[in-house]
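Asks: how does the following fold in three dimensions:
(one chain, ligands or ions: 2)
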Amino acid sequence: MIDFKTAKNIILEKTTLLNSKTLGIKKLNGRILAQNIRASFPMPRFDNSAMDGFAVRSEDTLGAKKNSPVTLKLVGSVAAGDSGNISIGEGECALCMTGAPIPKGADSVVMVEDTDGYGSKTKVKIFNESFPLKHIRKKGEEIQDNELLIKARSKISPSEIGTIAAYGIKKARVFRKARVSLFATGDELISPGKPIVPGKIYNSNSFVFSELSLRAGAKIVRDEIIKDRPNSLRRFLSNALKESDIVITSGGVSMGNHDYVRSIFMELGVDEHFWKVAQKPGKPIFFGSKGETLIFGLPGNPVSSYIGFMELVWPSLEKMMGNSIGKKILGVLAKPFPREIDKTRFLFGKVWLEDGKVLCAPSIKVGSHMLSSSLNSNCILHSDPGPNDLQPGDLVKARILPWKLIQ
Ligand code: AMP
Ligand code: MG
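Replies: Numbers count the residues shown, from 1 in each chain. Ligands and ions are numbered 1, 2, ... in the order given. A predicted model of the protein is given here:
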């Protein structure tokens, strides 16, 4: 048996980065960038107007007031999209709309609200003094040419997609999705929707695993229930090992006399890196590899397998797909938290903010079979081994479930 930290380090050490592929902009959301994105031009690309109004020479507007306006001669017009090849001279102005290039000779824009308006005319009354650069978005004031816009390893969200588009880029290189094979094993398992019979239970772990894998950014290549029979397991696993970056099993790795999974892994040439971890829940966790494929055998108990996935498989998926490894926060306990003398203890729980402090409390349901402890939880709380239970006021680590909010 090894401790939790060592187990996690072994997993991360064995996890290799997947290769990358180029995707069109519409497919980038949620992916991890495998390249830097640089600006191929400054932003703004040219001096342009921040307002709808009139481009002027600010010195011509000196002294302008509502009751003693300055009158300028209207000599042209530029709208957004125009090349802006016009110029103004002393005592002149030009219509200039938001986003339009600034005419030569002008140094500022007077917004239309500070004038007597558009109309079809040759003269414009200016009611307010302007000053150099007023309402002008200067070339390069936001971003310089060749500036690093988005670093490799960033997660692509609408902000990154918008930025990529704004620089005219229509594809980018991202890490490919991990291919995940899932299987649940147990003669007791029945699929939701089928009638239940005495002694059987509905399979829930497969659904949790597949949802977690997708949320981590992976894709599912196989997802099956396999009977506790060596032959069925052998057939499934030999295919899964060939087609997957990660194989994740639920059940069948404990000490039961039907727990064949581990021996079949070995038979198929999987190198075992560890089998048991000093943690509660989820002690019988198997981790091995064959070539670059990683194999996780998680226990069947629903809380053990859910927490085992989040604590050990999730970080591996993050690393494999180029993502940064999620960090835990420290919260102040509002309720006692059980500790184990020689095991890392995990429980679903709740983190909330109160008077600027991060408070947290474990679920009152502590059994590893009690999946409902994950309902109304937004985190997994984590205490290192130690002699006594933690008390209110003590600090405890919390992994926020990335799809939940702290409220
Ligand atoms: P095992 O790890 O196979 O010894 O299973 C431990 C416990 O988890 C047993 O009570 C199983 O019935 C239960 N279990 C195993 N697989 C699943 C599953 N896919 N969904 C829900 N419960 C399961
Ligand atoms: Mg079983």
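Asks: got the residues of the stretch 51-200 of the chain near ligand 2?
Replies: Applying Cβ under 5 Å from the ion, we find that the stretch 51-200 of the chain lies next to ligand 2 at Gly186. In this view, the C-beta of every residue, glycine as well, is placed from N, C-alpha and C.
Asks: quick one, strands of the stretch 51-200 of the chain?
Replies: For the stretch 51-200 of the chain, the strands defined by DSSP state E, counting those that start in this stretch occupy 53-56, 70-78, 92-96, 108-111, 123-126, 136-137, 148-150, 171-175, 179-185, 189-190.
Asks: contact residues of the stretch 51-200 of the chain facing ligand 1?
Replies: When proximity is defined by Cβ under 6 Å from any ligand atom, the stretch 51-200 of the chain lies next to ligand 1 at 184, 186, 188-189.
Asks: and this structure, what are its domains?
Replies: Residue ranges for each domain of the chain read 2-19+176-320, 20-42+150-175, 48-137, 329-400, as given by automatic domain parsing.
Asks: check the strands of the stretch 51-200 of the chain for me and report the most buried one.
Replies: strand 53-56 (a mean of 29; mean count of other Cβ atoms under 10 Å).
Asks: what's the burial count for the nearest residue to Ser40 once chain neighbours are set aside?
Replies: Closest residue in space to Ser40, ignoring its immediate chain neighbours: Tyr167 at 6.0 Å, by Cβ to Cβ, 6 or more residues apart in numbering. Neighbour count of Tyr167, defined by other Cβ atoms under 10 Å: 16.
Asks: and the pLDDT for Tyr167?
Replies: Note for Tyr167: predicted pLDDT of 98.
Asks: do the same with the one 4 residues further on
Replies: The predicted local confidence for Lys171 comes out at a pLDDT of 98.
Asks: partners of the lengthiest strand in the chain in the sheet?
Replies: Ranked by number of residues, the top strand in the chain under DSSP state E is strand 344-354. Strand 344-354 pairs in its sheet with strand 277-280 (parallel), strand 357-362 (antiparallel), strand 379-383 (antiparallel), by DSSP bridges.
Asks: now do the contacts for the nearest residue to Lys104 once chain neighbours are set aside.
Replies: Nearest residue to Lys104 in three dimensions, chain neighbours excluded: Ser87, at 3.6 Å (Cβ to Cβ, 6+ apart). Under the criterion of Cβ atoms under 8 Å, 6 or more residues apart in numbering, the neighbours of Ser87 are 103-105.
Asks: low-confidence stretches in the stretch 51-200 of the chain?
Replies: 120 (pLDDT under 70).
Asks: make it 90
Replies: 84, 119-121, 186-187 (pLDDT under 90).
Asks: any idea which residue of it lies closest to ligand 1?
Replies: Residue of the stretch 51-200 of the chain nearest ligand 1, by Cβ to the nearest ligand atom: Ala184 (3.6 Å).
Asks: about what we covered before: now render the strands paired with strand 344-354 as JSON lines, adding mean neighbour count.
Replies: Compiled in JSON lines, these are given as follows (neighbours: other Cβ atoms under 10 Å):
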{"stretch": "strand 277-280", "mean neighbour count": "22"}
{"stretch": "strand 357-362", "mean neighbour count": "19"}
{"stretch": "strand 379-383", "mean neighbour count": "23"}
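Asks: what residue lies at the spatial centre of the protein?
Replies: Taking Cα atoms, centre = their mean, the centroid of the chain lies closest to Lys155, which sits 5.6 Å from it.
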